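Enquirer: Dropping the sequence and predicted coords here.
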Amino acid sequence: MSTNETPSTDSTEKPAAGSASANKKGETSSLVDLIFDLGTEWATYGLGLAKSALEQSAKTLEKLAGSIDALKKQLASKA
């Protein structure tokens, strides 16, 4: 550049590195928050399913215990 030339003030110049870095950091933080929120939602859903499965298993075991008790009483009455 000669001494007569002036620096370009084109509006398409890239922003300063500091502001781009700050913007990427904000985007990264937002993405991390989104992933964390999605993970929390899936965990909540999975725990709800686990609760339902355990409740159903407990009901099944209660019925089985009742059947075993009835069989025990039948065997005791025949003895």
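Expert: Structure received.
Enquirer: Now do the SS call for the spatially most central residue of the chain.
Expert: Residue closest to the average C-alpha location in the chain (Cα atoms, centre = their mean): residue 39, at 1.1 Å. Secondary structure state of residue 39, per DSSP: H, G, I helix; E, B strand; the rest coil, is helix.
Enquirer: Distance-wise, check it relative to residue 45.
Expert: Using Cβ to Cβ, to the nearest Å, residue 39 is found at 11 Å from residue 45. Quick note: C-beta positions are derived from backbone N, CA and C, even for glycine.
Enquirer: Report pLDDT for the residue nearest to the centre of the chain.
Expert: Listed pLDDT for residue 39 reads 97.
Enquirer: ditto for the one 3 residues further on
Expert: The confidence metric pLDDT takes the value 98 at residue 42.
Enquirer: quick one: what helix or strand has residue 42 in it?
Expert: Using DSSP states H and E, residue 42 sits within helix 17-78.
Enquirer: Show me what that helix is packed up against.
Expert: Judged by 3 or more Cβ pairs under 8 Å, 6 or more residues apart in numbering; DSSP states H and E, helix 17-78 has no packing partners among the helices and strands.
Enquirer: distance between that helix and the chain's centre?
Expert: What separates the centre of helix 17-78 from the centre of its chain is 12 Å, taken as Cα atoms, centre = their mean, to the nearest Å.
Enquirer: The residue nearest to the centre of the chain and residue 53: what is the separation?
Expert: 21 Å.
Enquirer: And residue 37, by the same measure?
Expert: The value you get for residue 37 to residue 53, if Cβ to Cβ is used, is 25 Å.
Enquirer: Kindly report the same for residue 36.
Expert: For residue 36, the distance to residue 53 - Cβ to Cβ - is 26 Å.
Enquirer: swap in residue 77?
Expert: Using Cβ to Cβ, residue 77 is found at 37 Å from residue 53.
Enquirer: Give the residue from those two that has the larger number of neighbours.
Expert: residue 53 (10 against 7; other Cβ atoms under 10 Å).
Enquirer: what residues are up against that one?
Expert: By Cβ atoms under 8 Å, 6 or more residues apart in numbering, the contact set of residue 53 is empty.
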